[in-house]
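Enquirer: Fold the following, please.
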Amino acid sequence: MELVIVESPTKANTIGKFLGPKYKVLSSYGHVRDLPKSKIGVDIENDFEPKYIIMQKARKNITALKKEVLKAKNILISTDPDREGEAIAWHLTHALDLDEKSFKRIVFHEITKEAIKEALEHPRKIDQNLVNSQQARRILDRIVGYKLSPFLWKKVARGLSAGRVQSVALRLVVEREREIEKFVPQEYWSLTAILEKLKGDFRSFEATLIKNKDKAVDKLDIKSEKGAEKILKDLNDAEYIVENIEKKEVKKNPLPPFTTSTLQQAAWQKFRFPAKFTMQLAQQLYEQGFITYHRTDSLNLSESSLLLAKKFVVSNYGENFWAGYLKRYKAKGRVQEAHEAIRPAYADKTPESIKSSLNENQEKLYDLIWRRFIACQMKEALFDATKADIKARDYTFRANGQILKFEGFLKVYHIKFEETEVPPLEIKETLKLIKLNPEQHFTQPPPRYNEATLIKTLEENGIGRPSTYAPILSTIQERNYIEKDDQKRFRPTEIGLVVNDLLVNHFPQVVDIKFTAKMEEEFDEIAEGQKKWKEVLKEFYKPFEENLIRKEKEISKKEIAHEATDRVCPKCNAPLIIRLGRFGKFYACSGFPKCKYTESLKENKLDIKCPKCQKGNLTPKRTKKKKIFYGCDNYPDCDFALWDKPLNEKCQGCGSLMVETKRKYKKCSNKECNFKIEKEQKI
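Expert: From the prediction side, this is the model:
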């Protein structure tokens, strides 16, 4: 019997379909060994030697796998084709007590019959460089987390934690928020002419002011209404004459196939899928054999996939829709070119043809991946573009138009574009002015990051790698350092601001963007065999440890997490202070731990009496999963709670408390009452 070990039961089932009866495919159910949770698990003094243990959840399965190993003629370990997968394979060999001669490692980037056959024909040893790169990242993150987190407990609040890469992502969100707060809007005006031809049945069209004499009118040049009015006065009774016309064909090229980062960005933009959810769906699609491996920064495409894409395009859309050659793409910077981009395992498996095998969200993501891949091998879209300059005294207006001429890849992969028609014009033709539109604008602050833009910024700055983007975003939200606003954009929480400022001011190296990117490059160099992993850890640890010891003495919790007040504790008459906790500020007795009195800050209260007990007040609270709800502050004596935000007004139908929904509409909190404010009466 040939034993094949993979990470997941779904993957095992899919692979099992392609292998004959002499193979037995079993799952390790993910990681089997890790550093212990109860302690740091790294012997820093002994050259950073890790102390791995078999995880509690894996012990029963490891015992079962050991029995199968004894029966097997050959053992093939086929975990995922990246550093994480290589590390799982290495840990498996240790957990199962396998020596180097008793197993072989096989890898493939798609679960297809051809790929598995190729892998079986080319087994290899475990790549220790890849394992060491993953170990270096894991151990470095463990050191930062287990050294800095207790520091945060002592100096800020219990239960906080610090992560190396997550802290950099938090810094980006905080710095963007402060940019927004400091932003001073500038007023500016634009001027648009609505014009018509004097003859013929043509629609009016717009032309925007671009020049005054020979000087370009830039966006912020017209600074006030007075400036706009001066131009209007200058143009009074002016003739509008076509000065120049340019017509050309414009090509719009298809986008390259997906990498992990661009897939996460596109899934957010199109479906509002968070990165973590996108990766879960992609994992399912990969393990079912529908797409190639989904953790990649490469744009490489196999020769066979390119030929299949060509065949599909020509057969279904015609020769003129195919690019005319096999289009290959190359990613910028250091990437793993041995990997492939994310693509469908089979080009001819259209989303419609496998619909019955997928749930709704899997189908959406597969459709996106399939269309992007097929489109990348298609001809560019063609537009007829027109640019007309129209002179009015010393001023020049410009009309721009574009009309789709040939769909090309847009037939498959839809990108928003606007068709604007400029009527046929002739040079020196006089046009009729319908209206001059002066419009006031104000410059806008940079927007808060959302899932897509934060991932893009992390990638542009070299922070993290394909497997880390989703965990970075989910971790800083789970820690309550950032939250999403009504537009699902990230903003820092109160505790997030405090933690960020402490790290930036006192541990600048840990949250330095360039330094973190340099560490990623060093992990890559370890993977390529160019650097020793323990040397990289040594270089980081010594200055980090010296700074940590110094800051332990320098920083007082009082100056970070305590604010004096003029109030006294109602229980023991000691002064009340404002303390900082994981979920924000609150009043606490300065006599803690002898007196444990606490009270919500007034601004956290809603000043609404609890409708159930009529004694307590309603106040915002959080569940263990950080979800906000509204409950009585007289808990546990009163258990009244609402998910929607309560309003200090009564229902016109039954007299119960009214609430505001997440979509900002009013309704009755009584489930048996159907009273609500209709959409046109939006708050």
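
Enquirer: only C-alpha atoms for contact and neighbour calcs from this point on.
Expert: Fine.

Enquirer: residues near the closest residue to residue 31 other than its chain neighbours, how many?
Expert: In space, and not counting its chain neighbours, residue 31 is closest to residue 88: 5.7 Å by C-alpha to C-alpha, 6 or more residues apart in numbering. Burial of residue 88, expressed as a neighbour count using other C-alpha atoms under 10 Å, amounts to 25.

Enquirer: How about residue 410?
Expert: Residue 410 has 20 neighbouring residues, counting by other C-alpha under 10 Å.

Enquirer: phi, psi of it?
Expert: With angles defined as degrees, to the nearest 10, residue 410 sits at phi -60, psi -20.

Enquirer: Now do the same contact list for it.
Expert: Going by C-alpha atoms under 8 Å, 6 or more residues apart in numbering, residue 410 touches 375, 381.

Enquirer: Could you check how far it is from residue 552?
Expert: Per C-alpha to C-alpha, to the nearest Å, residue 410 is found 59 Å from residue 552.

Enquirer: what number of residues lie near residue 46?
Expert: Applying the criterion other C-alpha under 10 Å, we find 8 residues in the vicinity of residue 46.

Enquirer: now the strands for the stretch 451-600 of the chain?
Expert: Under the criterion DSSP state E, counting those that start in this stretch, strands of the stretch 451-600 of the chain are mapped to 482-484, 490-492, 562-568, 575-581, 584-589, 598-600.

Enquirer: neighbouring contacts of the second one?
Expert: The contact list for strand 490-492, computed with C-alpha under 8 Å, 6+ apart, reads 170, 173-174, 177, 448-451, 481-485.

Enquirer: Most neighbours out of these, which is it?
Expert: Among the contacts of strand 490-492, residue 481 has the most neighbours (other C-alpha under 10 Å), with 28 neighbours.

Enquirer: re the thing from before, most tightly surrounded among the strands of the stretch 451-600 of the chain?
Expert: By mean neighbour count, with neighbours taken as mean count of other C-alpha atoms under 10 Å, strand 490-492 ranks first of these at a mean of 24.

Enquirer: Lowest-scoring secondary structure element of this protein by mean pLDDT?
Expert: Across the helices and strands of the chain, mean confidence by mean pLDDT, DSSP states H and E is lowest for helix 557-561: a mean of 73.

Enquirer: Now do that one: distance to the chain's middle.
Expert: The gap between the average C-alpha position of helix 557-561 and the chain average comes to 33 Å, counting by C-alpha atoms, centre = their mean, to the nearest Å.

Enquirer: what does that helix contact?
Expert: With C-alpha under 8 Å, 6+ apart, helix 557-561 has contacts from 154, 155, 156, 157, 498, 578, 579, 580.

Enquirer: Now the closest residue to residue 524 other than its chain neighbours: which helix or strand?
Expert: Leaving aside its chain neighbours, residue 524 sits nearest to residue 133 (7.1 Å; criterion: C-alpha to C-alpha, 6+ apart). Using DSSP states H and E, the element containing residue 133 is helix 128-155.

Enquirer: cool, residue 80 as well?
Expert: Residue 80 is part of no helix or strand, with elements assigned from DSSP H and E.

Enquirer: Surely it and residue 105 touch.
Expert: No: with contact defined as C-alpha atoms under 8 Å, residue 80 does not count as touching residue 105 (10.6 Å).

Enquirer: quick one, strands of the stretch 101-250 of the chain?
Expert: Under the criterion DSSP E, counting those that start in this stretch, the stretch 101-250 of the chain contains strands at 104-105, 187-197, 205-212, 215-216, 240-252.

Enquirer: So for the second one, mean pLDDT?
Expert: The reference is to strand 187-197. pLDDT averaged over strand 187-197 equals 96, rounded to a whole number.

Enquirer: contact partners of that strand?
Expert: Surrounding strand 187-197, the residues in contact under the criterion C-alpha under 8 Å, 6+ apart are 202-209, 219-225, 228, 397, 423, 430-443.
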